[in-house]
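A.B. asks: please work out how this folds:
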Amino acid sequence: MRLLLFALTVAAALVNPACRKRPEPVSAPAPSTDPAAASTPVTVQQISQALQTYMQVSSDFPKDLKVLVDMKLLPSLPPPPPGKQYVIDRKAVRVSLADQ
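C.D. replies: Below you'll find the predicted structure:
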């Protein structure tokens, strides 16, 4: 009797996990192929982050911000708003907008 009870318990333990529905593996979302998403404008904060990455690699400031695009740290460098220009703040190691 004990042997039968033991055998049934073992069989139930082996069958039970096999009957559970397994969750589907989570995969990373596919890269967006939406042209509108690809053309989102670069922000001043993103330019500053690219500058900081450049500084970690080269230990010097770039001669101009186009270098960040050449090194593929930015997809493009958008034109600044009218009457403004991008300025590298060497003390804070960031980019800001200043009047021309």
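A.B. asks: how about low-confidence regions in the protein?
C.D. replies: The model of the chain has pLDDT under 70 over residues 2-39.
A.B. asks: could you redo the last one with a cut-off of 90?
C.D. replies: Along the chain, the model assigns pLDDT under 90 to residues 1-42, 59.
A.B. asks: need the helices for it, in chain order.
C.D. replies: Assigned helices in the chain, in chain order: 2-19, 35-38, 44-58, 66-70 (criterion: DSSP state H).
A.B. asks: how near is residue 94 to residue 82?
C.D. replies: Per C-beta to C-beta, to the nearest Å, residue 94 is found 22 Å from residue 82. C-beta here means a position set from N, CA and C on the backbone, and glycine is covered the same way.
A.B. asks: between the two, who's got more neighbours?
C.D. replies: residue 94 (16 against 6; other C-beta atoms under 10 Å).
A.B. asks: got a list of what the more buried one touches?
C.D. replies: Contacts here follow C-beta atoms under 8 Å, 6 or more residues apart in numbering; on that basis residue 94 touches 48, 51-52, 88.
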